[in-house]
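Asker: give me a model of this one.
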Amino acid sequence: MPAAADSHGVTKVVDNICRLSPDLLAETCLHILTYLRGHTRGVDSAEVSDKVQRAGVRLDHEAVQNIVRFLLLTFRSAGKSSLSGDDLVSKLEEGSNKWPKASLQVLHRLWSEHGASVHAQQEVQAMLSISQLVDVQWKLGMAVSSDTCRSLNSPYVTLLLKIIEPSGQISQRSFEMTIPQFQNFHKQFKEMAAVMETV
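Answerer: Predicted structure coming up:
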């Protein structure tokens, strides 16, 4: 359970979770449990943050990310340990005495309904824990000059990759390539595509 790691940080996250209505907490937990059961590709904390803001709860994006991380870790840990709903609530109460009864009831109900399928999915994912590519965006640019060269006039390609980490967090990675590097990259992708078509 996350409680053992950092009691001050856990207390702050629990305080923020307490600010969520039972319905909003249930919606957030379902979003996370749906991912952990393998039905979605990840947990988009920006989407969760938007829902929290629309519900009138004033939490910044980082606080919502911490709630999502805490709930992901809690449910993952409960799944690995095959905890029952009662055991999960006991562990949470051991970690913090600030949990309101309504929040614990929501967590108990949802874990009792979905915990077994989360555990089953974790066993499958243990064999396949790699990041997944969700989206690729690119743009062509021209470097006109730099601090060391007044007339550079060099084209480049910028790639932005949206990736779902094994933890479920969606991250973005960007990098630039020269045109020859991009052409080599493209050639390798074509070769991979040709091999995949034979499978």
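Asker: all contacts plus neighbour counts: C-alpha atoms, from now on.
Answerer: Will do.
Asker: once you drop chain neighbours, what's closest to Gln172?
Answerer: Once flanking residues are discounted, Gln172 sits nearest to Lys162: 4.5 Å by Cα to Cα, 6 or more residues apart in numbering.
Asker: in whichever strand or helix holds the one you found, which residues are buried?
Answerer: Here Lys162, judged by DSSP states H and E, is contained in strand 154-164. For strand 154-164, a neighbour-count test (16 or more other Cα atoms under 10 Å) marks Tyr156, Val157, Thr158, Leu159, Leu161, Lys162, Ile163, Ile164 as buried.
Asker: next: stretch 22-36.
Answerer: 22, 24-26, 28-36.
Asker: can you pull out the low-pLDDT segments for this protein?
Answerer: By pLDDT under 70, the weakly predicted segments of the chain are 1-8, 125-129, 199.
Asker: helices along that one, start to end?
Answerer: 7-18, 22-36, 45-54, 61-80, 85-95, 101-125, 179-198 (DSSP state H).
Asker: which among those is found nearest to Ile170?
Answerer: helix 45-54 (8.1 Å; Cα to Cα).
Asker: for that closest one, give me every contacting residue.
Answerer: Outside helix 45-54, the residues that touch it by Cα atoms under 8 Å, 6 or more residues apart in numbering are Leu20, Leu24, Thr28, Arg58, Leu59, Asp60, His61, Val64, Gln65, Val68, Gln169.
Asker: tell me which two in those are the farthest apart.
Answerer: Arg58 and Gln169 (22.1 Å).
Asker: all set, thanks.
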